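In: Sequence and computational prediction follow.
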Protein chains: 2
Amino acid sequence: MEDIDATIERVKKLIELDAWVEIREYINDLNISDVAELINEMPTHTLAFFQQLDFQRALAVFRILDLSVQEDLLKLLPSNILVQLLNDLPPDDRTALLSDLKSSVVKEIIKHLNPEERKITLSLLGYPEESVGRLMTPDYIDVEPHWTVEQVLTYIRDYGKSSETIDVIYVTDENGKLIDDVRIRDFLLVDPKTTKVEDLIDGRYISLNVNDDQKETMSVFQMNNRVALPVVDDKNVLLGIITIDDVLWVAEEEYAEDIQMIGGMEALDEPYLDVTLIQLYKKRIIWLIILFFGELLTITAMTNFQNEIAKVVILATFIPLIISSGGNSGSQAASLIIQAMALDEINIKDWWRIMRREIFSGLLLGSTLCVISFSVITCWHFVSPAFGDHYLLIALVVGCSLIGVVLWGTLMGSMLPLLLKRLGADPAASSTPFVATLVDVTGLLIYFSFATIFLKGVLL
Amino acid sequence: MEDIDATIERVKKLIELDAWVEIREYINDLNISDVAELINEMPTHTLAFFQQLDFQRALAVFRILDLSVQEDLLKLLPSNILVQLLNDLPPDDRTALLSDLKSSVVKEIIKHLNPEERKITLSLLGYPEESVGRLMTPDYIDVEPHWTVEQVLTYIRDYGKSSETIDVIYVTDENGKLIDDVRIRDFLLVDPKTTKVEDLIDGRYISLNVNDDQKETMSVFQMNNRVALPVVDDKNVLLGIITIDDVLWVAEEEYAEDIQMIGGMEALDEPYLDVTLIQLYKKRIIWLIILFFGELLTITAMTNFQNEIAKVVILATFIPLIISSGGNSGSQAASLIIQAMALDEINIKDWWRIMRREIFSGLLLGSTLCVISFSVITCWHFVSPAFGDHYLLIALVVGCSLIGVVLWGTLMGSMLPLLLKRLGADPAASSTPFVATLVDVTGLLIYFSFATIFLKGVLL
């Protein structure tokens, strides 16, 4: 895991000496993850390194390279090697790769696949973008219930090489319908001669439907302690399997999207440093403009309160404090609820329970800030009398506004993700900047309402 | 996966009829994930349901119950069943459970363990909270290099039952040092009589150190396509293994923490609905107070600009717009960089590249908002002349401030996570409210500086 820098140093020295025989030897002794990192880090030598690898290792390395490096390689490789590489990639990895590549590159590549491989790839590609069908591989081992365990083991020995996993074996009937899945350990723990497959099945399998959402798969794996799950169609015919390592990537992408959306932008499709400045700009500016137009409402609010500000200039002083306290409590509540929904800890049905909790929390949090602000303004007054003679009234206005604004922010932050979910949108779209902007406008209204109530006849 | 509601309905009806024989039958026919959900959803019948299950199924169900339900059950179960349950839990799950439970409950339970199990549990507990040692299980199969594959298969048949996984077999020397790991498929694909273990090993294994951080394990699993990884000490002695399903939970916790921190609060240790209101309050109020004191700086800034506001009241109108535009662009940048760091897409060494990108992005984003605000203010003037005769000058001040504030927000948002990482803190602590608060104060300074420059001698 460590010391990739040392590896790169070493290779750089060997390149200077033009000692490619040594490089070949050295590279073929490294772990594939180290080779991949080496290639990622030294893009100028991608092809040269890659051609030093034995074919099976090259395949393994290719699968874990960064997408941009994969694209580069596909363009650089001689077409006969390209075809061999693509044909030997497991179908699920190939599908993932093809759906990430630019479509012009894809078309070029698909042409090179042999007819059978092309059929598999295209059929996998027929399922919707985020569906389980896109992740599955048709390389699994299925056996029939009347076989003996010995037959199964022989079958595995003969046909297991091309299977993505032999940790789980699938039992199907003559129509290809799934009967059960059996872990390889169960075959190994019994006497192979006297035991039949049907003795080992209990019909308690978990399967995924080919149209299921990929996001759901992670929790199915977690809850059921499997390394692979079968994928069936609506008639329960076994189409392929999904292995747990593919799900790790899905989960990671999912969370990355959530975090970017919570930060108030559209999710990126590629790693930060691979995205062009223009793409980065596009993904960010859209939300910035939407938020900007939301903030324009504050101008409307403020122009309505111009007379109050003109009379009591000190009121303007507390505007940033008030509105950002609302925004902060809203951000907390929103991220809390988004996260809990992402982990299925809560759902829409719980809205009333959540609302009750958040009303209490908001009141508690707001009251705390109220007490603090009251103390701060009073102490401040004795140090420098910036707030005038009516500093206690001002403190009262600020304190009450803080309770109102924090309560309101907490409520908005917690209910908005639930509302979005109810409307079929992604809860993470209720980003912290979005909540903050919503609370800004209403925060001003709350603040100036309290100011009017408490200062009417005194300062206003 | 679906239809848990139907299951609950059905069981409720059976309970009304007091038909426990049918309930027993029904429950034992469900998938364990459904039983767990049933128990989670009907806390009043936890013990009654649980006692209907065969022991092995009860164990499997227990492992995936919500933590709070697990705690309740441990308190309710008769002590002989409790001990049996704990003794039969795989050590890694037991350790995870014990480290989540309140320490008073733990002490009570540890007493019930038999001496050998207690020793394992305590030795596992000796490793730091977030270390790989806490996740590992010592239940694995290790073989010696001179054995034949047939010997290995017989050994698995005899001792495999108590192993957490037999998908990977470990090869150790006489001192317990790890030589290699071999996937079970490799044993099954060769002739068992003539092949020895040493023929199958290539010494290219990946191992984790017992003191490694749990966070790092996910990417090791991803990059190396394994379902289990060996854990060794500094002398390369094999201590245990980690299975991929445990890592799924670690990854999930990690991301939940990140999202909560980005939202500007301390991470919760338990699911949202299980946390008491007081705990929830504590986790949130700390950051709210810190941010509140940060915002007090805006009061200092504002009191310094009181004269300007008194002279040109219209200046106050744009304060919320200006500071929240800075906060929004800062939030975007911070979440972008935190997420990219969490996925290892960037690290501290890239700071200059990131800074360059973000300066460009900030200028582009700011300029866009500048153009929009200029147009909006000009149009607004022709609808209602709220901004006075010098609306063009005002538009100039607002536009230039937006460029400055957005650029500054983008820079702060992107550099702060890197700085925190450099200081050894969690980058996610640079929450979006934190960045927004930092930018609020400086945003005011930028705004009033431009106001002074452009309006001096005209309005000021």
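Out: Cool, the structure landed. Being a predicted model, the structure only gives us computed values, none of them experimental.
In: what's the closest non-adjacent residue to A:L97?
Out: The shortest distance from A:L97 to any non-neighbouring residue, by Cβ to Cβ, 6 or more residues apart in numbering or on different chains, is to A:Q70 (6.3 Å). Where C-beta positions appear, they are placed from N, C-alpha and C, glycine not excepted.
In: Quickly note the distance from the one you found to B:G264.
Out: Distance from A:Q70 to B:G264, counting by Cβ to Cβ, to the nearest Å: 38 Å.
In: hang on, the earlier thing: what's the burial count for the residue nearest to A:L97?
Out: 18 (other Cβ atoms under 10 Å in any protein chain shown).
In: where's it, which helix or strand?
Out: Using DSSP states H and E, the element containing A:Q70 is helix A:67-76.
In: any residues touching that helix, and which ones?
Out: Helix A:67-76 has contacts (Cβ atoms under 8 Å, 6 or more residues apart in numbering or on different chains) with A:39-40, A:43, A:46-47, A:50, A:62, A:65, A:82, A:97, A:100-102, A:105, A:109, A:270-271, A:274.
In: Of the residues you listed, keep whichever come out buried.
Out: Buried by 16 or more other Cβ atoms under 10 Å in any protein chain shown: A:I39, A:T46, A:F50, A:F62, A:L65, A:L82, A:L97, A:L101, A:V105, A:I109, A:P271, out of the contacts of helix A:67-76.
In: just those residues now: which is nearest B:L229?
Out: The nearest member of the buried ones among the contacts of helix A:67-76 to B:L229, counting by Cβ to Cβ, is A:L65 at 21.4 Å.
In: so A:M302 touches A:L444, yeah?
Out: Yes. Assessed by Cβ atoms under 8 Å, A:M302 is found in contact with A:L444 at 6.8 Å.
In: Give me the common contacts of those two.
Out: Common contacts of A:M302 and A:L444 (Cβ under 8 Å, 6+ apart): B:P320.
In: and of the buried ones among the contacts of helix A:67-76, the nearest to chain B?
Out: Among those, A:P271 lies closest to chain B (Cβ to the nearest Cβ), at 4.1 Å.
In: What is the neighbour count of the spatially closest residue to that closest one that is not a sequence neighbour?
Out: In space, and not counting its chain neighbours, A:P271 is closest to B:E345: 4.1 Å by Cβ to Cβ, 6+ apart. Around B:E345 there are 17 other residues, counting by other Cβ under 10 Å.
In: same question, A:E9
Out: 11.
In: Check A:G326 too.
Out: A:G326 has 33 neighbours, counted by other Cβ under 10 Å.
In: what is the orientation angle of the helix or strand containing it with helix B:319-342?
Out: Following DSSP H and E, one finds A:G326 within helix A:319-342. Put simply, helix A:319-342 runs at 40 degrees to helix B:319-342, going by axes from the mean of the first three to the mean of the last three Cα atoms, to 10 degrees.
In: Determine how far helix A:319-342 lies from the middle of the whole chain.
Out: Distance of helix A:319-342 from its chain centroid, counting by Cα atoms, centre = their mean, to the nearest Å, is 21 Å.
In: What's the mean pLDDT across it?
Out: Helix A:319-342 shows a mean pLDDT of 90.
In: is the helix or strand that it is followed by anywhere near chain B?
Out: Once the chain leaves helix A:319-342, the next helix or strand it forms, by DSSP H and E, is helix A:351-383. Yes. With Cβ under 8 Å from any Cβ of the partner chain as the criterion, chain B is reached by helix A:351-383 at A:R353, A:I354, A:R357, A:F360, A:S361, A:L364, A:L365, A:T368, A:L369, A:I372, A:S373, A:V376.
In: Format these as CSV; extra columns: neighbour count.
Out: Putting those into CSV (neighbours: other Cβ atoms under 10 Å in any protein chain shown) gives the following:
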residue, neighbour count
A:R353, 11
A:I354, 22
A:R357, 20
A:F360, 15
A:S361, 24
A:L364, 19
A:L365, 28
A:T368, 19
A:L369, 26
A:I372, 18
A:S373, 25
A:V376, 17
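In: In the stretch 1-150 of chain A, what residue lies closest to chain B?
Out: A:S33 (4.2 Å).
In: quick one, phi psi at that residue?
Out: Main-chain dihedrals, A:S33, degrees, to the nearest 10: phi -70, psi -30.
In: Same check on A:L445?
Out: phi -60, psi -50.
In: which element is the closest residue to it other than its chain neighbours on?
Out: Nearest residue to A:L445, sequence neighbours excluded (Cβ to Cβ, 6+ apart): A:A301, at 6.3 Å. Assignment of secondary structure by DSSP H and E places A:A301 within helix A:277-304.
In: Report all helices and strands that that helix contacts.
Out: Helices and strands touching helix A:277-304, by 3 or more Cβ pairs under 8 Å, 6 or more residues apart in numbering or on different chains; DSSP states H and E, are helix A:432-455, helix B:314-317, helix B:319-342, helix B:351-383.
In: tilt between the last one and helix A:277-304?
Out: Using the same axes, to 10 degrees, the interaxial angle of helix B:351-383 with respect to helix A:277-304 works out to 40 degrees.
In: ok, is helix B:351-383 in contact with chain A or not?
Out: Yes. For helix B:351-383, a contact with chain A is found by Cβ under 8 Å from any Cβ, at B:R353, B:I354, B:R357, B:F360, B:S361, B:L364, B:L365, B:T368, B:L369, B:I372, B:S373, B:V376.
In: shouldn't A:V435 be in contact with A:Q332?
Out: No. The pair A:V435 / A:Q332 is not scored as a contact, 9.6 Å apart, by Cβ under 8 Å.
In: shared neighbours, the two?
Out: Both A:V435 and A:Q332 are in contact with A:G413, where contact means Cβ under 8 Å, 6+ apart.
In: Can I get the helix holding A:Q70 in CSV? Just the C-alpha atoms.
Out: Backbone C-alpha positions of helix A:67-76 (Å, rounded to 0.1, in the frame of the first residue of the first chain) are rendered in CSV as follows:
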residue,chain,number,x,y,z
LEU,A,67,-11.1,6.2,-16.3
SER,A,68,-9.2,8.9,-18.2
VAL,A,69,-6.1,6.7,-18.4
GLN,A,70,-8.3,3.8,-19.6
GLU,A,71,-9.6,6.1,-22.4
ASP,A,72,-6.1,7.1,-23.3
LEU,A,73,-5.0,3.5,-23.5
LEU,A,74,-7.9,2.4,-25.6
LYS,A,75,-6.9,5.1,-28.1
LEU,A,76,-3.2,4.1,-28.0
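In: Could I get the average pLDDT for it?
Out: Average pLDDT, helix A:67-76: 80.
In: for the following helix or strand past that helix, the distance to its chain's centre please.
Out: The C-terminal neighbour of helix A:67-76 among helices and strands, as given by DSSP H and E, is helix A:79-88. Counting by Cα atoms, centre = their mean, helix A:79-88 is centred 31 Å from the centre of its parent chain.
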